[in-house]
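>>> How does the following fold in three dimensions:
(chains A and B)
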Amino acid sequence: MYFCIPNIYLDTMSQKQLLTTKEIHIILHRLACQLIENHSDFKETVLIGIQPRGTYLANRIKNFLENDYQIPNIKLGYLDITFYRDDFRRGDKPLEANKTHIDFIVEDKNVVFIDDVLYTGRSIRAALTAIQSFGRPKEIELLTLIDRRFSRHLPIQPSYRGRQVDAINQEKVKVYWEEVQGEDAVFLINN
Amino acid sequence: MSELSVNHLLGIKYLKEKDIQLIFETADHFKEVINRPIKKVPSLRDITIANLFFENSTRTRLSFELAEKRLSADVINFSAASSSVKKGETLIDTVNNILSMKVDMVVMRHPNPGAGIFLSKHVDASIVNAGDGAHEHPTQALLDSYSIRERLGDVSGKKVVIVGDILHSRVALSNIFALKLQGAQVKVCGPKTLIPRYIEKLGVEVELDLRKALEWCDVANMLRVQNERMEISYFPSTREYAQQYGVTKELLNSLDKEIVIMHPGPINRGVEITSDVADSKQAIILDQVENGVAVRMAVIYLLASKIKK
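You can find the predicted model right below:
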């Protein structure tokens, strides 16, 4: 061996930061404002975080709406889509279920699905089916932090998007949240 | 989430502790699902399940059928009374004929112990034992433990007494395996004639005095006296059995603590337990029935996830 690349250097080579903490905060504020524009007092609107990773974003948006924009009583639920996915028994790994927690009526409400990354659109397809178990919403919108365009398998588009990313299929978009990884950041990882 | 260590549910004896935990965690999700306005998920829409009941059953069959339908599986039902079994067809032939119709999973109740194990070695389908003679009834034991966990928070360390006809009971055997696996202490209680010899080898204690057993336990699982499996008399009369081994409200009130009463059904009111006990808040008999659907959904879902197409 003539030279050796330290592991840490390899790590930085294989991943590129797409969004910093500051950029994420600006985007979250914008998304919150766009929601207010369409839903004003949120009396007829409910937010649904898609399990597992959409729940962090959904909690943030709820906090911004309540604390920074003084909109009280935002209804937020978590929806698990495991049992509605179309890849049951097709993957190598068994699907892991998470808790669904929706303690309000979605019948005739404006529902906003919240997820961190929109990729193939299959999760959202499953969520559209899953939410029907809780009633018939008046309308459903979709908010995502990252929209990976060019990789959709289904005709699904976000109503509110944080950042559009052009990534090829081998690349992965990873969203880090302060609550989990200790910082807010979005990385593009090349496998 | 990991997956089950088995491809069939033939008995609790073949499960590991982590299998039981996985089934319970999955059942938690399904319990939430079956309390929704629309109680159905599409997970198993490409799975076909045959319910083969070579022995009578109401609760278990309905519970399995409901669990399968809540998971969107296609279901066919078969009962021995109205089938070619009466014409002399063997078990393997019957099942292989059904499997030729592209069935992925078989839920079977059979009067012969080991019928499920035998079948699993000879046919190409996932087998769920819904009771095989006096051997095992794994889903009943799972839902019993799940109900204890729901009421008392945990099964580990709890004291459970199984009362009644231990000799003829598959529920007792599966419960003993399941409770011991989860770290509970188990005693069996009943007339000496209905307690199998060498039962202590399974790590359980025998208590012939019902009052002492109830004073010791946190949970009492009251089994039905299985008259249909008794060819000879095991006790003088039903009345005498009820006097010695029946739980009454007076008996429960005289204990210095509130124990949980379970019963796998069907209840002989006035024999194993009196009506006021069965309908009291201490009894979780109807919770057991509700949990039965969630636990069976979990078992079927987890086994189905191992069927590769």
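>>> what residue is smack in the middle of chain A?
Centroid check for chain A by Cα atoms, centre = their mean gives A:D115 as the closest residue, at 1.7 Å.
>>> so that one sits right up against A:L142, yeah?
Yes: with contact defined as Cβ atoms under 8 Å, A:D115 reaches A:L142; the gap is 7.5 Å. (Each C-beta comes from the backbone N, C-alpha and C, glycine too.)
>>> overlap in contacts of these two?
A:I124 (Cβ atoms under 8 Å, 6 or more residues apart in numbering or on different chains).
>>> Spell out which parts of the stretch 201-309 of chain B neighbour chain A.
Applying Cβ under 8 Å from any Cβ of the partner chain, one finds that the stretch 201-309 of chain B approaches chain A through B:301-302, B:304-305, B:307-309.
>>> go with 7 Å
Selection of the stretch 201-309 of chain B residues close to chain A by Cβ under 7 Å from any Cβ of the partner chain yields B:304-305, B:307-309.
>>> Buried only: go through the residues you listed for me.
The neighbour-count test (16 or more other Cβ atoms under 10 Å in any protein chain shown) marks B:304-305 as buried among those.
>>> and the residues of the stretch 201-309 of chain B next to chain A as CSV, adding pLDDT and secondary structure?
Below are those laid out as CSV (pLDDT from 0 to 100; DSSP: H, G, I helix; E, B strand; the rest coil):
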residue, pLDDT, secondary structure
B:A304, 94, helix
B:S305, 91, coil
B:I307, 88, coil
B:K308, 77, coil
B:K309, 67, coil
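>>> quick one: which of the residues of the stretch 201-309 of chain B next to chain A is nearest B:M262?
Using Cβ to Cβ, B:A304 is the member of those that lies nearest B:M262, at 28.4 Å.
>>> Return the residues in contact with the closest one.
Counting by Cβ atoms under 7 Å, 6 or more residues apart in numbering or on different chains, B:A304 touches A:89, B:44, B:47, B:105.
>>> B:V107 versus the third one, what's the distance?
Read that as B:I47. When distance is defined by Cβ to Cβ, to the nearest Å, B:I47 is 12 Å away from B:V107.
>>> same check, this time on the first one
Between A:R89 and B:V107 the computed distance is 19 Å (Cβ to Cβ).
>>> Mind listing what's buried along the lengthiest strand in chain A?
Longest strand of chain A, by residue count under DSSP state E: strand A:139-149. Within strand A:139-149, the residues scored as buried using 16+ other Cβ under 10 Å are A:140-148.
>>> Also stretch B:259-268?
B:259-265, B:267-268.
>>> which one is B:F78 nearest to, not counting chain neighbours?
Among residues not flanking B:F78 along the chain, B:L52 sits closest, at 4.9 Å (Cβ to Cβ, 6 or more residues apart in numbering or on different chains).
>>> Out of the residues of the stretch 201-309 of chain B next to chain A, flag the one nearest to chain A.
Nearest to chain A among these is B:S305, at 5.1 Å by Cβ to the nearest Cβ.
>>> and stretch B:115-125, which residues are buried?
Buried-residue list, stretch B:115-125, by 16+ other Cβ under 10 Å: B:115-120, B:123, B:125.
>>> Lowest-confidence member of those residues, which is it?
Among these, B:V123 has the lowest pLDDT, at 88.
>>> and that residue, how far is that from chain A?
20 Å (Cβ to the nearest Cβ, to the nearest Å).
>>> Kindly list the main-chain dihedrals of that residue?
Note on B:V123: backbone dihedrals following degrees, to the nearest 10 are phi -130, psi 160.
>>> For it, which non-adjacent residue is spatially closest?
B:V95 (5.1 Å).
>>> if we can go back for a sec, the contacts of B:A304 in strands, which ones?
Counted as lying in strands by DSSP E, out of those, are B:M105.
>>> backbone phi and psi for the closest residue to chain A within the stretch 101-250 of chain B, please?
With Cβ to the nearest Cβ as the measure, B:D104 is the residue of the stretch 101-250 of chain B nearest to chain A, at 10.1 Å. Torsion angles at B:D104 (phi, psi; degrees, to the nearest 10) stand at phi -100, psi -30.
>>> quick one, what contacts the residue nearest to it when sequence neighbours are not counted?
Counting by Cβ to Cβ, 6+ apart, B:I47 is the residue found nearest to B:D104 once chain neighbours are left out, at 4.9 Å. Counting by Cβ under 7 Å, 6+ apart, B:I47 makes contact with B:73, B:104-105, B:304.
>>> could you redo those residues as a markdown table and give each row distance to B:Y198?
Formatted as a markdown table, the contacts of B:I47 follow (distance: Cβ to Cβ, whole Å):
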| residue | distance to B:Y198 |
| --- | --- |
| B:A73 | 40 |
| B:D104 | 39 |
| B:M105 | 35 |
| B:A304 | 37 |
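>>> Among the residues you listed, which one lies nearest to B:D287?
Using Cβ to Cβ, the contacts of B:I47 come closest to B:D287 at B:A73, 24.8 Å.
>>> Any figure for the gap between that closest one and chain A?
12 Å.
>>> so B:I148 sits right up against B:K158, yeah?
Yes: assessed by Cβ atoms under 7 Å, B:I148 is found in contact with B:K158 at 6.3 Å.
>>> If you count surrounding residues, which of A:R89 and B:V107 has more?
Neighbours were counted for A:R89 and for B:V107 using other Cβ atoms under 10 Å in any protein chain shown; B:V107 has more, 28 against 16.
>>> Could you look up the SS state of the more buried one?
Secondary structure for B:V107, judged by DSSP: H, G, I helix; E, B strand; the rest coil, is strand.
>>> Relative to the whole chain's centre, how far out is stretch B:116-135?
On the basis of Cα atoms, centre = their mean, to the nearest Å, stretch B:116-135 sits 15 Å off its chain's mean C-alpha point.
>>> With stretch A:44-61 instead?
On Cα atoms, centre = their mean, the centre of stretch A:44-61 falls 7 Å from the chain's centre.
>>> now do stretch B:8-27
13 Å.
>>> avg pLDDT for that stretch?
The pLDDT scores in stretch B:8-27 average 96.
>>> For the chain, which helix or strand comes out least confident on mean pLDDT?
By default, I'm working from chain A. Using mean pLDDT, DSSP states H and E, helix A:7-14 stands out as the lowest-scoring helix or strand of chain A, at a mean of 54.
>>> I was thinking of chain B, sorry if that wasn't clear
helix B:91-99 (a mean of 87).
>>> Alright, calling it a day.
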